[in-house]
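# structure here, sequence nowhere to be found:
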């Protein structure tokens, strides 16, 4: 009962995709999600082309199921990454943070399926024009980089549904099987989950980062950096420095200096939660108190919850 | 198939409540919503106790169905308003912007049902302790005053559902029957809609305000005024002045001066959309291009959409 155009397109059992997240989405997470019946993505945003290649090779060894790579197009090295992806015959690419026109034809010529991540219905329409195979519509709830419109999943999915006839994947704030069903009711045919998979055992993030994110209350993540590129951050030292600067009217250049470089690595990969940049979705607070679980357990719970939510609705 | 604890509690046909909105929610809108099978609320936030009394008397004359009054507790005159409400035997009160403990027992002694509006699960729990009859959980999408946590409807409803066993009403970004069903899947038993009813013929808002709000694109409302009380505003002259001040680091006191007094009246009631304060929910962009319709048409569409969404799900 979870089959859709999205499962048909990518060839997985459940319409559940693990978003490609910096420092979290290495081969271990991608392979675990694909092995559990979803579609795992390797997140190239924190990798060099060479590191990406290593992850792809290891992912292929760890799963016989389809998996993909998420390539944020604004990052340097994306052309080399695409070469690696084609060479290694990765079946699926999710592009984000750039134009869906840039790589779609090139990838299609090489038999690679393409989805593009958007935060507005205007960009969902551009995806259709660009000929991508599926659109991910990601709401304000999502961790890390975020759309300028601040449109939430509840408002974005119906808008994207009207804007495109392509297979539609909902992202942002989806933390349970109930929420997967809700996204489906709003018009989605699949979901992309970041937060819940970032905090699993197979995620490449540091344990201290995972523990911090599994202990958040409502309001403990906020969208900041609107003057540069809106980003959802977890409260902490890094967050405080930016918020204080913004409150006193800091310019984009001043904010860039405060941000520095490599701070997501410090926070997410090295686990320095006091000083590093911490990115997670708003829905993390819904996971408060959970253990750091294996992907298989998380996936089975999502499927069980989804089925229970369907039954509860049928009983109404 | 739309019966729930919420319809039982308030005695309406559909679990659809029209939020009490400043300048919009007079007796005409409240009576029209109740006559159409929902629960209409008179919004006392923009009224004196005497004006409220006039609206209650007219509402009683215009409908034999149950209706209510929304009283924002922070506003001056709320004690006199409660006296008016009790004297006129209004069956339902929705309290907001204050403690649910303040009036619940007093209203219950007079046979009046009480719902309280919250923006976090912590406050949903306080509602249960205070003995209210139902909780409205209102997400970040909502127009006007908003929670400090910025929790969206997609994340807030599941959190509120866990926090309280009370009948739960979802609000924020719900613009269609599909979204009503999605809210139900997330754990709500009813919905409170503001935006869609603020833009009907029976709303007390000026036609120019309604036309402006029916022409918004995604991103045309934003949450500002975080240093005072977070408020979702429509882009325009008033919005620009506040955004520019915030960008240069204005203090709360400086912002208060820019806001001035009575500017929601100028924008929403007088229809000076260039200069007045305009408040509407983020989901208004989903209504773009619609006419200013009668409440009965809007309500019937919501019910039809809900039923179609149920059927579509059954067919999956």
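Arrived safely. Bear in mind the structure is a predicted one, so any value in this text is a computation, not a measurement.
# can you name the residue of chain A nearest chain B?
For chain A and chain B, the shortest gap (CB to the nearest CB) falls at residue A:249, measuring 2.5 Å. (C-beta placed from N, C-alpha, C; glycine too.)
# give me the neighbour count for that residue.
Residue A:249 is flanked by 14 other residues according to other CB atoms under 10 Å in any protein chain shown.
# surely residue A:153 and residue A:175 touch.
No - counting by CB atoms under 8 Å, residue A:153 stays clear of residue A:175, with 11.0 Å between them.
# neighbour count for the two, which is higher?
Shown here are residue A:153 and residue A:175; by other CB under 10 Å, residue A:153 has more neighbours (34 against 24).
# residues in contact with the closest residue to that one other than its chain neighbours?
Nearest residue to residue A:153, sequence neighbours excluded (CB to CB, 6 or more residues apart in numbering or on different chains): residue A:139, at 3.2 Å. Residue A:139 makes contacts with A:119, A:151-157, A:170-173, B:152, B:154, as judged by CB atoms under 8 Å, 6 or more residues apart in numbering or on different chains.
# just to revisit the earlier point, for the residue nearest to the residue of chain A closest to chain B when sequence neighbours are not counted, give me its contacts.
The shortest distance from residue A:249 to any non-neighbouring residue, by CB to CB, 6+ apart, is to residue B:249 (2.5 Å). Going by CB under 8 Å, 6+ apart, residue B:249 touches A:247, A:248, A:249, A:250.
# cool, and residue A:210?
Residue A:210 sits in contact with A:198, A:199, A:203, A:292, where contact means CB under 8 Å, 6+ apart.
# which one of those is nearest to residue B:269?
residue A:198 (47.0 Å; CB to CB).
# who are the contact partners of the closest one?
With CB under 8 Å, 6+ apart, residue A:198 has these contacts: A:21, A:24, A:25, A:143, A:205, A:210, A:213, A:280.
# how many residues are close by the spatially closest residue to it that is not a sequence neighbour?
Spatially, and ignoring its direct neighbours in sequence, residue A:198 is nearest to residue A:24 (4.3 Å; CB to CB, 6+ apart). Using other CB under 10 Å, residue A:24 has 30 neighbouring residues.
# and the pLDDT for residue A:24?
pLDDT, residue A:24: 98.
# repeat that for residue A:315.
84.
# relative to residue B:25, how far out is it?
Noted for residue A:315: a distance of 35 Å to residue B:25, by CB to CB, to the nearest Å.
# ok, which stretches of chain A are strands?
With strands called from DSSP state E, chain A shows them at A:16-18, A:39-43, A:67-72, A:92-96, A:113-118, A:134-138, A:144-145, A:168-171, A:190-193, A:221-224, A:231-234.
# helices of the stretch 51-200 of chain A, start to end?
Using DSSP state H, counting those that start in this stretch, the helices of the stretch 51-200 of chain A run over residues A:78-87, A:104-109, A:121-130, A:153-163, A:177-185, A:195-198.
# need those in JSON lines (columns: mean pLDDT).
Formatted as JSON lines, the helices of the stretch 51-200 of chain A follow (pLDDT from 0 to 100):
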{"stretch": "helix A:78-87", "mean pLDDT": "97"}
{"stretch": "helix A:104-109", "mean pLDDT": "98"}
{"stretch": "helix A:121-130", "mean pLDDT": "97"}
{"stretch": "helix A:153-163", "mean pLDDT": "98"}
{"stretch": "helix A:177-185", "mean pLDDT": "98"}
{"stretch": "helix A:195-198", "mean pLDDT": "98"}
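# out of those helices, nearest to residue A:29?
Among those, helix A:195-198 sits nearest to residue A:29 (CB to CB), with 6.1 Å.
# quick one on the thing from earlier: let me have the strands of chain A in JSON lines, extended by mean pLDDT and distance to residue A:259.
Shown next, in JSON lines, are these (pLDDT from 0 to 100; distance: least, CB to CB, whole Å):
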{"stretch": "strand A:16-18", "mean pLDDT": "98", "distance to residue A:259": "26"}
{"stretch": "strand A:39-43", "mean pLDDT": "98", "distance to residue A:259": "20"}
{"stretch": "strand A:67-72", "mean pLDDT": "98", "distance to residue A:259": "17"}
{"stretch": "strand A:92-96", "mean pLDDT": "98", "distance to residue A:259": "20"}
{"stretch": "strand A:113-118", "mean pLDDT": "98", "distance to residue A:259": "22"}
{"stretch": "strand A:134-138", "mean pLDDT": "98", "distance to residue A:259": "22"}
{"stretch": "strand A:144-145", "mean pLDDT": "96", "distance to residue A:259": "13"}
{"stretch": "strand A:168-171", "mean pLDDT": "98", "distance to residue A:259": "24"}
{"stretch": "strand A:190-193", "mean pLDDT": "98", "distance to residue A:259": "26"}
{"stretch": "strand A:221-224", "mean pLDDT": "98", "distance to residue A:259": "10"}
{"stretch": "strand A:231-234", "mean pLDDT": "98", "distance to residue A:259": "9"}
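# go through those and name the closest to residue B:75.
strand A:221-224 (28.0 Å).
# the more surrounded of residue A:315 and residue B:25?
Set residue A:315 next to residue B:25 and count neighbours by other CB under 10 Å: residue B:25 wins out with 31 against 6.
# so what's the residue nearest to that one when sequence neighbours are not counted up against?
Closest residue in space to residue B:25, ignoring its immediate chain neighbours: residue B:43 at 3.4 Å, by CB to CB, 6+ apart. When contacts are counted by CB under 8 Å, 6+ apart, residue B:43 is found next to B:19, B:20, B:21, B:22, B:23, B:24, B:25, B:26, B:69, B:70.
# what's the pLDDT at the first one?
pLDDT, residue B:19: 98.
# pretty sure it sits against residue B:203.
No - using CB under 8 Å, residue B:19 makes no contact with residue B:203, being 11.3 Å away.
# could you measure from the nearest residue to residue A:286 once chain neighbours are set aside over to residue A:197?
Spatial nearest neighbour of residue A:286, excluding adjacent residues (CB to CB, 6+ apart): residue A:175 at 4.4 Å. Residue A:175 sits at a distance of 11 Å from residue A:197 (criterion: CB to CB).
# please apply the same query to residue A:141.
Residue A:141 is 15 Å from residue A:197, by CB to CB.
# of those two, who's got more company?
residue A:141 (31 against 27).
# any idea how far residue A:247 is from the nearest residue to that one once chain neighbours are set aside?
Nearest residue to residue A:141, sequence neighbours excluded (CB to CB, 6+ apart): residue A:173, at 3.1 Å. Using CB to CB, one gets 26 Å for the distance from residue A:173 to residue A:247.
# of these two, give the one with the bigger neighbour count.
residue A:173 (31 against 14).
# can you list the buried residues in the top helix by length along chain A?
The longest helix of chain A (DSSP state H) is helix A:295-314. Within helix A:295-314, the residues scored as buried using 16 or more other CB atoms under 10 Å in any protein chain shown are A:295, A:296, A:298, A:299, A:302, A:303, A:305, A:306, A:309, A:310, A:313.
# report all helices and strands that that helix contacts.
Here helix A:295-314 touches strand A:16-18, helix A:27-35, helix A:177-185, helix A:195-198, helix B:177-185, helix B:295-314, going by 3 or more CB pairs under 8 Å, 6 or more residues apart in numbering or on different chains; DSSP states H and E.
# closest one to residue B:56 among these?
Using CB to CB, the nearest of the helices and strands packed on helix A:295-314 to residue B:56 is helix B:295-314, at 18.5 Å.
# neighbours of residue A:84, how many?
There are 24 residues near residue A:84, going by other CB under 10 Å.
# hmm, it is touching residue A:54, no?
No - counting by CB under 8 Å, residue A:84 sits too far from residue A:54 to count as a contact (9.8 Å).
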